[in-house]
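Asker: give the three-dimensional model of this entry:
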Amino acid sequence: MTALPSDQTPLNQHSLRALEHWLQQMGAQPFEGEPCRWTLVEKDWTAHLELDREDLRVTWHQTGRPDRHCSLPYGLPRADVDAAIQAGP
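Answerer: Have a look, this model is predicted:
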């Protein structure tokens, strides 16, 4: 298993394996055959995460509400990105 850098380390300083490990620790699951796309299912919402070229794109889905979209730059610390994703829509 890949050790994660400090949670104050920007995402752009994580290896791909470390990013995958972090997403798995959050409870996200990769899309089959699409290693850059992940899904995180929570009680009240679902987030689709995409490791894009410039940033981490997040789309939250919640029943009865419009989808919310966010692009999180890889220069942000992992703790901030984690908090933004976990905050949900």
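
Asker: ignoring the adjacent residues along the chain, who's closest to Cys36?
Answerer: What sits nearest to Cys36 in space, not counting adjacent residues and going by C-beta to C-beta, 6 or more residues apart in numbering, is Leu51, at 4.3 Å. For glycine as for every other residue, the C-beta is placed from the backbone atoms N, C-alpha and C.

Asker: how close does the residue of the chain positioned farthest from its centre sit to Pro89?
Answerer: Distance from the C-alpha centroid of the chain peaks at Gly64, with 22.8 Å (C-alpha atoms, centre = their mean). For Gly64, the distance to Pro89 equals 11 Å [C-beta to C-beta, to the nearest Å].

Asker: outside of stretch 30-48 itself, list whatever touches it.
Answerer: 20, 23, 26-29, 49-52, 58-62, 85, 88-89 (C-beta atoms under 8 Å, 6 or more residues apart in numbering).

Asker: and the end-to-end length of it?
Answerer: End-to-end distance of stretch 30-48: 10 Å, with C-alpha to C-alpha, to the nearest Å as the criterion.

Asker: one more: stretch 40-53?
Answerer: 20 Å.

Asker: remind me which helix or strand the residue nearest the centre of the chain belongs to.
Answerer: The chain has Leu49 as the residue nearest its centroid, 5.1 Å off, counting by C-alpha atoms, centre = their mean. Using DSSP states H and E, the element containing Leu49 is strand 46-51.
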